[in-house]
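Asks: Pasting the sequence and the predicted model now:
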Amino acid sequence: MHPHWRQLAVLLRSSPEHGRQLLRTPAPGSFPDQETLETLMATARCAGLDALFQKHLLSGLVRAPGEERLKLKARVGSLCSGCIDELVPASLLSRPWISVPVPVSRAGWAGVVWFCLCRTGEETDFSPAGRPVPDDQTLKAMRLALDVGDPRSGHHLWSLQADEEVPVTGGSLGLPVFLGARFLAENAAWPSGLFASGVIGRDGVIGAVANLPEKYRYARARLFLAPAENGAEIIKQKNVIACAEAEDAWFAAELLAGGIQPGRISRYQSCRHDPGELLARFHCLPLPFLLNKETCLLLEQVRQQPVVHLKQLAECLRRCGFDPARGSLAAGLFSPGEIGALVRAPGNPPDFVFALFDWCLAVMAFADHQGRTGESAAWGRVAARMMDMVEPGERAELANRLMVSGRFNTYDFRPELPDLFRRALELEERHYEDYPHSSHTLGAMYGTLAQNCGFCGPDFLEQLLGAADRSQKAFGRKNCREAGRLDNYRIYGLLDAGRTDEAASLLSGYFGLDGERDADALWRTACAMAADGTTEDVFRAALGFRFLADTGFRVSGPRNLPVHYALEGAGHPWQLLSRNLGRILLASGRHSEAERMFRRSVGICLAGGETMRAMALCSLAELHAAGMAGDADYEQAAATVRWIAEDSHLNREHFSRLYGVPGREIPGLVFRCGNELFPFSYR
């Protein structure tokens, strides 16, 4: 039985006045057994509260799940026979209902009156029901608020008050009624802790109300929405937002319903109206805000004005490069065809081509991070059409990006360089020799060259180390922050070559351990980075777990393991982090947690792009080797190999040894050949 009913039973017996206050709030949508209901009704009748108890029951009836209401009505119908047909007509039983709190204050008294509001459907009539009956002016304010909030439907409404109580009067209930109508139209519940007070005008402007401080103090709200006109009386409170218009209030209420903390909502108000502010803060704004209808309309405005916004949008997308959810929202604003049509469109500013080219590079980078090879290739083709319209530096960036998307992400691992990359590299090298300087472009290209050597296997380790050194020199002091990424390449190469002592020496500095080479210290640091770190820290953690797994690290004792860390992330490199954490857990005897991590890794891979989808074979191989694989896992392995061979954009020759192998044998073969199939930073 819900605790509410036990509390009500106690209050009706021991303190009827407090019982009355509880009856004036909505009941939960789950009822106790019939005997308990009848006992509560008898106790309420003795206290003179039987009519209010009936309304209380009906407020719970309309909060119950739709499919349960008919059964509950049969149970409470006899107890509420005096009012059920008026308050909850049979025609409205299955319709959407919501409970709306209205702060009230009069003659030194403050409180909250709850209203039960129903969206009746196509009829646009407003039908208030029950007693007490508000005066005409109040009913007019209600109707206006409903018309502004949801003009396409009619509404039915009644208050959760005793019949003899003083009715709610005045226009201040307009704002909460407006919000209730909006939530009903969205088929959403009223957010816990939300209170509002304000007069709604026909144009949606929120007017001033009386006794605002008293209403605020009584409500004890998580978030209180007040009129901008006189909200200054209480606006100093952190949980109060002053709203000039109804849409401002709906925006704040919707964000609260989406889980955004009240203290942050006011900070996002400026992002509602300013595209530049929205794009500047896009990477750190909560997803419910970005998915809000108003935000989507503002993004559509950005899309309609590419000449104005495209350069900033590319910068915005780069900040979301490893964030699949936010990045997809930004990257999806334009298709390759739409950008391609703008390349030679008449009337564009002369420098607009650089913004178009930069956008293509930004989307390619995002797609590459997600392993979406086909998407990256499509944007690469659009960028290639602008090669003769941009500077050598931009052409070098495209050559570098095509190396990642066309080679690494498709598993096309070979030492020979593509002609475009080779020519761009030679040009950048000549420019660097003639004018020595900190060159981010040349440093990035040498870094890509180091990666290529890593993917080609341990035989190319010395070339990898040499390319990493040249990259560090080219980056110079101006780009010294890139040095950490180069250590990442060096360590992966050393691990693939089995030179773990040298890898351990580099790891110490890479993790900021001041020369300490204790595995426990590395474990603790990697766990902290996975839990709370930046994107760069997560990549460090993935490498740390790989090293610990390769060297047989075990977690001893009853220490809590950070299994939940790997459950929070999605996309690259969380599939690697989860897999190697699973290997550590398996070595530590934590088999069920290890299996959970391996399966988590498989799930992340299958949800990602093509590059990641192939990586599922790695974690399926771990499940097989640990004796945890079932029929579905072997079927998945066979399906993945079929997809690679028949439908993918990947280098199919790289996986040729898996073709024709029975599904139950594929994971074992991958486990034995994993270093070759998934070299360097791909495991």
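Replies: On my side now, so go ahead.

Asks: drop to CA atoms for contacts and neighbour counts, all remaining ones
Replies: Fine.

Asks: which residues touch stretch 342-358?
Replies: Val307, Leu310, Lys311, Ala314, Ile339, Ala383, Met386, Met389, Val390 (C-alpha atoms under 8 Å, 6 or more residues apart in numbering).

Asks: And the furthest pair within the residues you listed?
Replies: With C-alpha to C-alpha as the measure, no two of the contacts of stretch 342-358 lie farther apart than Ala314 and Met389, at 18.6 Å.

Asks: Give me the more crowded residue out of the two.
Replies: Neighbour count, other C-alpha atoms under 10 Å: between Ala314 and Met389, Ala314 has more, with 23 against 15.

Asks: Using just helix, strand and coil, how would you label the nearest residue to the more buried one once chain neighbours are set aside?
Replies: Closest residue to Ala314 apart from its sequence neighbours, by C-alpha to C-alpha, 6 or more residues apart in numbering: Trp359 at 5.0 Å. Reducing the assignment at Trp359 to three states with DSSP: H, G, I helix; E, B strand; the rest coil gives helix.

Asks: Trp359 contacts Val307, correct?
Replies: No. Between Trp359 and Val307 no contact is recorded; they are 11.7 Å apart, counting by C-alpha atoms under 8 Å.

Asks: of these two, who's got more company?
Replies: Trp359 (25 against 17).

Asks: List the residues that contact that one.
Replies: So Trp359 contacts Leu310, Lys311, Leu313, Ala314 (C-alpha under 8 Å, 6+ apart).

Asks: so what does the helix or strand hosting the last one touch, helix or strand wise?
Replies: Secondary structure assigned from DSSP states H and E places Ala314 in helix 306-319. Helix 306-319 makes packing contacts with helix 275-281, helix 293-304, helix 324-331, helix 352-369 when contacts are defined by 3 or more C-alpha pairs under 8 Å, 6 or more residues apart in numbering; DSSP states H and E.

Asks: Next, the buried residues of it.
Replies: For helix 306-319, a neighbour-count test (16 or more other C-alpha atoms under 10 Å) marks 306-307, 309-319 as buried.

Asks: got the contact list for the closest residue to Ala27 other than its chain neighbours?
Replies: Leaving aside its sequence neighbours, Ala27 sits nearest to Gly60 (C-alpha to C-alpha, 6+ apart; 4.3 Å). Taking C-alpha under 8 Å, 6+ apart as the criterion, Gly60 is in contact with Pro26, Ala27, Pro28, Gly29, Ser30, Phe31.

Asks: can you put the residues you listed in a markdown table and add distance to Leu72, pLDDT and secondary structure?
Replies: Output for these, formatted as a markdown table (distance: C-alpha to C-alpha, whole Å; pLDDT from 0 to 100; DSSP: H, G, I helix; E, B strand; the rest coil):
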| residue | distance to Leu72 | pLDDT | secondary structure |
| --- | --- | --- | --- |
| Pro26 | 16 | 95 | coil |
| Ala27 | 13 | 92 | coil |
| Pro28 | 12 | 92 | coil |
| Gly29 | 9 | 89 | coil |
| Ser30 | 9 | 87 | coil |
| Phe31 | 8 | 90 | coil |
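
Asks: coming back round to it: looking at the contacts of Trp359, which one is closest to Trp114?
Replies: Among those, and counting by C-alpha to C-alpha, the member closest to Trp114 is Leu313, at 45.2 Å.

Asks: Verify the contact between that closest one and Ala330 for me.
Replies: Yes. Contact criterion C-alpha under 8 Å: Leu313 and Ala330 qualify, at 7.4 Å.

Asks: now could you export just the CA positions of stretch 19-39 as PDB?
Replies: C-alpha atoms of stretch 19-39 as PDB (Å, rounded to 0.1, in the frame of the first residue of the first chain):
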ATOM      1  CA  GLY A  19      -6.200  15.400   7.200                       C
ATOM      2  CA  ARG A  20      -8.100  18.100   5.400                       C
ATOM      3  CA  GLN A  21      -4.900  19.600   4.100                       C
ATOM      4  CA  LEU A  22      -3.700  16.300   2.800                       C
ATOM      5  CA  LEU A  23      -7.100  15.700   1.100                       C
ATOM      6  CA  ARG A  24      -6.600  19.000  -0.700                       C
ATOM      7  CA  THR A  25      -3.600  17.500  -2.600                       C
ATOM      8  CA  PRO A  26      -3.800  15.000  -5.400                       C
ATOM      9  CA  ALA A  27      -3.900  11.300  -4.400                       C
ATOM     10  CA  PRO A  28      -1.500   8.800  -5.900                       C
ATOM     11  CA  GLY A  29      -2.700   6.700  -8.800                       C
ATOM     12  CA  SER A  30      -2.500   3.500  -6.900                       C
ATOM     13  CA  PHE A  31      -5.200   2.600  -4.400                       C
ATOM     14  CA  PRO A  32      -5.300   0.300  -1.400                       C
ATOM     15  CA  ASP A  33      -7.700  -2.600  -1.100                       C
ATOM     16  CA  GLN A  34     -11.400  -2.000  -1.000                       C
ATOM     17  CA  GLU A  35     -11.800  -2.600   2.700                       C
ATOM     18  CA  THR A  36      -9.200   0.100   3.500                       C
ATOM     19  CA  LEU A  37     -10.900   2.500   1.100                       C
ATOM     20  CA  GLU A  38     -14.200   2.000   2.800                       C
ATOM     21  CA  THR A  39     -12.600   2.400   6.300                       C
END
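
Asks: Going forward, the N-terminal residue is numbered 323.
Replies: Got it, first residue is 323 now, which makes that one stretch 341-361.

Asks: was I right about Arg474 contacting Thr442?
Replies: No. With contacts counted by C-alpha under 8 Å, Arg474 stays clear of Thr442, the gap being 10.2 Å.

Asks: Please say which of those two ends up with more neighbours.
Replies: Using other C-alpha under 10 Å as the criterion, Arg474 and Thr442 rank with Thr442 on top: 21 against 14.

Asks: For the more buried one, what are phi and psi?
Replies: phi -80, psi -20 (degrees, to the nearest 10).

Asks: same deal with Pro450?
Replies: phi -70, psi 150.

Asks: Please name the bridge partners of it.
Replies: Leu479 (DSSP bridges).

Asks: List the contacts of it.
Replies: Applying C-alpha under 8 Å, 6+ apart, the residues near Pro450 are His478, Leu479, Trp480.

Asks: just Leu394 next, same as before
Replies: Contacts of Leu394 by C-alpha under 8 Å, 6+ apart are Leu383.

Asks: how much space between it and Thr347?
Replies: 19 Å (C-alpha to C-alpha, to the nearest Å).

Asks: And His691, by the same measure?
Replies: Taking C-alpha to C-alpha, one finds His691 at 51 Å from Thr347.

Asks: So for these two, which sits in the more crowded spot?
Replies: Neighbours were tallied for His691 and for Thr347 using other C-alpha under 10 Å; the higher tally belongs to His691 (25 against 20).

Asks: Is the more buried one in contact with Gly930, as I believe?
Replies: No. In this structure His691 lies outside contact range of Gly930 using C-alpha under 8 Å: 9.7 Å.

Asks: and of the helices and strands packed on helix 628-641, who's closest to Ser514?
Replies: helix 615-626 (21.4 Å).

Asks: what separates the closest one from the chain centre, distance-wise?
Replies: 18 Å (C-alpha atoms, centre = their mean, to the nearest Å).

Asks: what inclination does that helix have with respect to helix 646-653?
Replies: Relative orientation of helix 615-626 versus helix 646-653 (axes from the mean of the first three to the mean of the last three C-alpha atoms, to 10 degrees): 40 degrees.
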